[in-house]
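Peer 1: sequence first, then the predicted structure:
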Amino acid sequence: MIVDSIENLEAYISLNPSFKIVAEFLKNNNLENLEKGRTLIKDTDVFVNIENVKGKSISEAVLEYHRKMIDIQIPINAEETYGYSPVKGLPEVEFNVENDIAKVPGRTPQFYLKVKPGQFVMFFPQDGHAPCIGEGEIHKAIFKVKY
C-alpha cells in the first residue's frame, strides 16, 4: 500500500510502467469533469471507474482484495477513510475470478487511514482494503492497473 499526493505519482513508475499512463491521464483530465462509469485508458489493462458512493460507517465497510489489478483510489470531493489488513492474515474466502475480487465480511481491519482530495492510495494484490468509509456522498476515481 502507498499513500501520497497525486503530483508524486510519477515517482512510483518503476513499480509498474502503467503508472505512467495513469499519471499522464491525470495531467490531461480533470477528474471532477469525468462522467460516472468506466473509462478505458489502455484496453482492460488500465481503466478508471468514476463513482459516487454513499459513505459507510466503519462497521458497514467490508475488506476486499484483488489478484490481477492494482487499485489507485482518489477521493475527489471529500476525505475518505480506508481500512487496511494484509491479505496474508485474512481467512480464506471465495474469490470471484471474473470480477477479480474477494470480499471478507465480518473482519476488523488492522488499521484505518484517511485520504484527502489531492492524494491517492494504491492497493496491491497483497493489500486487503475496506473502502468508502466516510460521511455523505463520496465522489471518487478508482484506477485499475494490471498487476
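Peer 2: That came through fine.

Peer 1: let me see the backbone angles for the residue nearest the centre of the chain.
Peer 2: In the chain, the C-alpha nearest the mean C-alpha coordinate belongs to Gln73, at 3.3 Å (Cα atoms, centre = their mean). For Gln73, the backbone dihedrals (degrees, to the nearest 10) come out as phi -100, psi 130.

Peer 1: residue ranges of the helices in the chain, please?
Peer 2: Taking DSSP state H as the criterion, the chain carries its helices at 19-28.

Peer 1: pLDDT weak spots in it?
Peer 2: By pLDDT under 70, the chain has no low-scoring segment.

Peer 1: all strands for it, in order.
Peer 2: Assigned strands in the chain, in chain order: 2-5, 37-42, 46-54, 63-65, 69-75, 80-86, 95-96, 101-104, 111-115, 119-123, 127-133, 137-146 (criterion: DSSP state E).

Peer 1: just put the ones you listed in CSV and tack on distance to Asn28.
Peer 2: For glycine as for every other residue, the C-beta is placed from the backbone atoms N, C-alpha and C. Formatted as CSV, the strands of the chain follow (distance: least, Cβ to Cβ, whole Å):
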stretch, distance to Asn28
strand 2-5, 18
strand 37-42, 11
strand 46-54, 12
strand 63-65, 29
strand 69-75, 15
strand 80-86, 24
strand 95-96, 33
strand 101-104, 29
strand 111-115, 22
strand 119-123, 17
strand 127-133, 25
strand 137-146, 14
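
Peer 1: on that earlier part again, who does the residue nearest to the centre of the chain bridge with?
Peer 2: Val121, Ile142 (DSSP bridges).

Peer 1: isn't it up against Phe120?
Peer 2: Yes. In this structure, Gln73 is within contact of Phe120 by Cβ atoms under 8 Å, at 6.6 Å.

Peer 1: and stretch 94-108, C-alpha only, in CSV?
Peer 2: Extracted C-alpha coordinates of stretch 94-108, given in CSV (Å, rounded to 0.1, in the frame of the first residue of the first chain):
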residue,chain,number,x,y,z
GLU,A,94,-14.5,-17.4,-2.2
PHE,A,95,-12.7,-15.4,-4.9
ASN,A,96,-14.7,-14.1,-7.9
VAL,A,97,-12.2,-14.6,-10.8
GLU,A,98,-14.4,-12.8,-13.4
ASN,A,99,-14.6,-9.6,-11.3
ASP,A,100,-11.2,-10.0,-9.7
ILE,A,101,-12.4,-9.5,-6.2
ALA,A,102,-12.8,-11.3,-2.9
LYS,A,103,-14.8,-9.8,0.0
VAL,A,104,-14.0,-10.7,3.6
PRO,A,105,-17.1,-9.7,5.7
GLY,A,106,-17.0,-9.6,9.5
ARG,A,107,-13.3,-8.9,9.7
THR,A,108,-12.0,-5.8,11.5
